[in-house]
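> no sequence on this one, just coordinates:
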């Protein structure tokens, strides 16, 4: 897979993106999220894109990551249902990483990703870092790279890595398939 690292060195002009619908939306920070709730979010959002790294973490290590005071996990709810989340990591001085970002598959294609991303970027810049960064890879949604670039991120590094399919090693269930048009 090819991993692309992108950054912003200055906050973009707010665009005021709205999903333009009558649905009830709520953004709620998960304060000291439980491991089971986080695993639900991570596994549900990441399954179509073969997110596997956090699946391999033991509960204690994962808890230390997600409950760190410098890590913010915010969940987008639509009509009271979790529809996606963003994980903002402020642990490195002078920079903020959008560590994880995505939607539950049933909510993709409804304008919610752009809405959540703009909110996340604004939130990331609220601590006035020197840069905000994110990465995406060729296993992520096919539009992910373009969406980040439209939001103002600029690629600064790319690398090709070979991974073993996590479905063949017991990290993810074997029956999980890539969405149509995505994957190797």
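That came through, no problem. Here the structure is a predicted model, which means the values were calculated and not measured.

> where does residue 66 fall, phi/psi-wise?
With angles defined as degrees, to the nearest 10, residue 66 sits at phi -80, psi -20.

> quick check: it vs residue 60, distance?
11 Å (Cβ to Cβ, to the nearest Å). Every residue, glycine included, has its C-beta placed from N, CA and C.

> more neighbours, the two?
Higher neighbour count among residue 66 and residue 60: residue 66, with 24 against 9, using other Cβ atoms under 10 Å.

> residue closest to the middle of the chain?
The centroid of the chain falls nearest to residue 101 when counting by Cα atoms, centre = their mean (1.3 Å).

> the nearest residue to that residue once chain neighbours are set aside is in what secondary structure piece?
Spatial nearest neighbour of residue 101, excluding adjacent residues (Cβ to Cβ, 6 or more residues apart in numbering): residue 86 at 4.8 Å. Assessed by DSSP states H and E, residue 86 sits inside strand 81-89.

> show residues contacting whichever helix or strand comes after that strand.
As assigned by DSSP H and E, the chain's next helix or strand after strand 81-89 is strand 95-103. With contacts defined as Cβ atoms under 8 Å, 6 or more residues apart in numbering, strand 95-103 is touched by 42, 45-46, 49, 51, 71, 76, 83-90, 112-113, 116-117, 120-121, 124-125, 127, 129-134, 141.

> from those residues, which land in helices?
42, 45, 46, 112, 113, 116, 117, 120, 121, 124, 125 (DSSP state H).

> who touches the residue nearest to the last one when sequence neighbours are not counted in this structure?
It stands for residue 125. Excluding the flanking residues, the one nearest residue 125 by Cβ to Cβ, 6+ apart is residue 11, at 4.1 Å. By Cβ under 8 Å, 6+ apart, the residues touching residue 11 are 121, 122, 125.

> kindly recompute the last result at 10 Å.
Residues in contact with residue 11 (Cβ atoms under 10 Å, 6 or more residues apart in numbering) are 121, 122, 124, 125, 126, 128, 129, 132, 152.

> any of the residues you listed buried? List them.
121, 124, 125, 129, 132, 152 (16 or more other Cβ atoms under 10 Å).

> biggest separation within the residues you listed, which pair?
129 and 152 (14.3 Å; Cβ to Cβ).

> how about the strands in this protein?
2-8, 25-29, 71-78, 81-89, 95-103, 131-137, 154-160 (DSSP state E).
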